[in-house]
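Student: got a predicted structure here, sequence first:
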Amino acid sequence: MSKKILILPGDGIGPEIIAQAMKLLETLKHDFDLKITLEQGAIGGAGYDDCGHPLPEHTLKLAREADAILLGAVGGPQYDSLPRELRPERGLLGIRSALGLFANLRPAILYPQLAGASTLRAEVVSGLDIMIVRELTGGIYFGQPRGIRTREDGQREGFNTMIYTEAEIERIMRTAFDIALKRQRRVCSVDKANVLEVSELWREVAERVSKDYPEVSLSHLYVDNAAMQLVRAPKQFDVMVTSNLFGDVLSDIAAMLTGSIGMLPSASLDANGKGMYEPVHGSAPDIAGQDIANPLATILSVSMMLRYSLDEAALADTVDQAVSRVLAHGLRTGDIYTEGCERVGTQLMGDAVIEALRD
Ligand code: NAD
């Protein structure tokens, strides 16, 4: 049966990079028998321009009906002075919470051809392939009570609550273990169980869930040590699973190990495998409309969509290998350019990946 994919180009470089992903999806549909239908919607600043809201009703309806969503990026300086509830980011937050996308997958992969782009020594990061699974809809970012209040002594104090139910921990653990089954079968759960009760429960549930996955090994690290290990010896990790707050920080550390924001895809999944896929970077208004943005993070987001929502692992491998071959041929957009390589623009990079699908 044909799967419905909703395309949300968004703002800035969004439409340019999404155009490359759409060319790829059309090729997969016509030449590789991928059964999909594509629809488009407006979100972010584009949604506001279209109908006065960053998440138009119509877009949300299409999103609910879709099997998977591919998003470019949202935001731009022209929207910065809008009231908070009309800003482009509200569109993103709104769609994530409306669809219950609780699992954020952030791979950090360093293609050996790009090892020079990392600030770490090539031998430390070359061939790096980590998947960070971050809980996205719970924890301290949403816990109640929260606020700023005045104490009896007149001092003001700010407070938040880090809270997780067993059910919330269990479902993110299951996502991490399921992913590990498709990889090297190692899960490292990151917490702060030496200090926080919420982490004690986190660890207990992780151990319990791991009993259902005898083929996967489970280890635990405190978050401070995990941050250190990520920059000391990152290749020791396969899947890391952690809470919203810790994942926010660790996924950015892991991203920087790879050196280029233009190469990093992401996925946010619900309990049934439906997902929203998007590059990690923003709308890059400084380079929008110039045909110089790197489309590979978006193309790799398509690969994640094939793997995690469309059950097309073989096609996902084909796309990943095509990207790898294009890099091996020396093609580079400006953000990953090094001397001796061939500098290409957004469209040529997109074309090259499609060409390399058949190599
Ligand atoms: P950004 O990621 O857009 O850009 C940071 C830097 O990286 C810029 O110099 C940009 O030119 C470069 N860059 C980003 N993507 C690139 C690509 N594909 N190829 C080559 N270079 C690339 O972050 P920012 O400048 O902080 O934010 C710009 C806008 O994007 C803001 O409005 C922000 O709110 C929004 N934003 C959106 C998302 C999202 O949609 N998920 C994420 C982050 C920021």
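Tutor: Yep, that arrived.
Student: quick one: secondary structure of the most centrally placed residue in the chain?
Tutor: The C-alpha lying nearest the average C-alpha coordinate of the chain belongs to S266 (C-alpha atoms, centre = their mean; 1.7 Å). Going by DSSP: H, G, I helix; E, B strand; the rest coil, the secondary structure assigned to S266 is strand.
Student: just give the number of residues close to the residue of the stretch 151-300 of the chain found nearest the ligand.
Tutor: When distances are taken as C-beta to the nearest ligand atom, the stretch 151-300 of the chain approaches the ligand most closely through G282, which lies 2.4 Å from it. C-beta: built from backbone N, CA, C; applies to glycine. Applying the criterion other C-beta atoms under 10 Å, we find 19 residues in the vicinity of G282.
Student: spit out the contact partners of it.
Tutor: G282 sits next to G12, A73, V74, G75 when contact means C-beta atoms under 8 Å, 6 or more residues apart in numbering.
Student: close to the ligand: what parts of the stretch 251-359 of the chain are there?
Tutor: Counting by C-beta under 6 Å from any ligand atom, the stretch 251-359 of the chain comes close to the ligand at 261-262, 278, 281-287, 293-294, 297, 335.
Student: indicate the residue of the stretch 1-150 of the chain located nearest to the ligand.
Tutor: G75 (2.4 Å).
Student: now the closest residue to G44 other than its chain neighbours: phi and psi?
Tutor: Distance criterion C-beta to C-beta, 6 or more residues apart in numbering; nearest residue to G44, sequence neighbours excluded, is V74 at 2.8 Å. Here the main-chain torsion angles of V74 (degrees, to the nearest 10) amount to phi -130, psi 160.
Student: just the pLDDT for V74.
Tutor: On the pLDDT scale, V74 is placed at 98.
Student: might you report the residue contacts of it?
Tutor: The contact partners of V74, taken as C-beta under 8 Å, 6+ apart, are 10-11, 14, 43-46, 54, 88-89, 91-92, 282-283.
Student: now, the residues you listed that are in helices?
Tutor: Using DSSP state H, the members of the contacts of V74 that fall within helices are G14, G45, A46, P88, E89, G91, L92.
Student: put the buried members of those residues into a PyMOL selection.
Tutor: Applying 16 or more other C-beta atoms under 10 Å to the ones in helices among the contacts of V74 leaves a buried subset, and the PyMOL line that selects it is:
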select buried, resi 14+45+46+88+91+92
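Student: that older thread, the residue nearest to the centre of the chain is in contact with L105, isn't it?
Tutor: Yes - S266 is in contact with L105 according to C-beta atoms under 8 Å; the separation is 6.4 Å.
Student: now do the shared contacts for these two.
Tutor: Once C-beta under 8 Å, 6+ apart is applied, the residues that S266 and L105 both contact turn out to be M304.
Student: would T37 count as being in a helix?
Tutor: No - counting by three-state DSSP, T37 falls outside a helix, being strand.
Student: nearest residue to G143 other than its sequence neighbours?
Tutor: With sequence-adjacent residues excluded and distances taken as C-beta to C-beta, 6+ apart, G143 is closest to T161, at 3.5 Å.
Student: do I have it right that the one you found meets Q144?
Tutor: Yes - proximity of T161 to Q144 meets the contact threshold set by C-beta under 8 Å, at 6.0 Å.
Student: compare these two (neighbour count), which wins?
Tutor: Looking at T161 and Q144 with other C-beta under 10 Å, you find the greater number of neighbours at T161, namely 12 against 8.
Student: mind jotting down where the helices sit in the protein?
Tutor: If you assign secondary structure with DSSP H, the helices in the chain sit at 14-31, 45-51, 57-65, 88-98, 122-125, 166-181, 197-210, 223-232, 244-257, 296-308, 313-328, 346-356.
Student: tell me how far the shortest one is from the chain's mean position?
Tutor: Relative to its chain's centre, helix 122-125 lies at 23 Å (C-alpha atoms, centre = their mean, to the nearest Å).
Student: ok, now the last one?
Tutor: How far helix 346-356 lies from its chain's middle: 22 Å, per C-alpha atoms, centre = their mean.
Student: and for that helix, what's in contact with it?
Tutor: Outside helix 346-356, the residues that touch it by C-beta under 8 Å, 6+ apart are 13, 16-17, 19-21, 23-24, 27, 291-296, 299, 319, 321-323, 325-326, 329, 331, 333, 344.
Student: let's see 7 Å
Tutor: The contact list for helix 346-356, computed with C-beta atoms under 7 Å, 6 or more residues apart in numbering, reads 16-17, 20, 23-24, 27, 291-296, 299, 322-323, 325-326, 331, 333, 344.
Student: give the ChimeraX command for selecting the buried subset of these.
Tutor: Selection of buried members from the contacts of helix 346-356 for ChimeraX, criterion 16+ other C-beta under 10 Å:
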select :16,17,20,23,24,27,292,293,294,295,296,299,322,323,325,326,331,333,344
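Student: local confidence estimate at the residue nearest to G143?
Tutor: Looking at T161, its pLDDT stands at 97.
Student: surely A267 meets Y277?
Tutor: Yes - under the contact definition of C-beta atoms under 7 Å, A267 touches Y277, with a separation of 5.1 Å.
Student: show me which of those two is the more surrounded one.
Tutor: When neighbours are counted by other C-beta under 10 Å, Y277 comes out ahead of the other of A267 and Y277, with 27 against 23.
Student: so can I have CSV of the helices of the chain showing distance to I109 and mean pLDDT?
Tutor: Output for these, formatted as CSV (distance: least, C-beta to C-beta, whole Å; pLDDT from 0 to 100):
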stretch, distance to I109, mean pLDDT
helix 14-31, 18, 98
helix 45-51, 29, 97
helix 57-65, 27, 98
helix 88-98, 23, 92
helix 122-125, 10, 91
helix 166-181, 14, 97
helix 197-210, 25, 98
helix 223-232, 14, 97
helix 244-257, 10, 92
helix 296-308, 8, 97
helix 313-328, 9, 96
helix 346-356, 15, 98
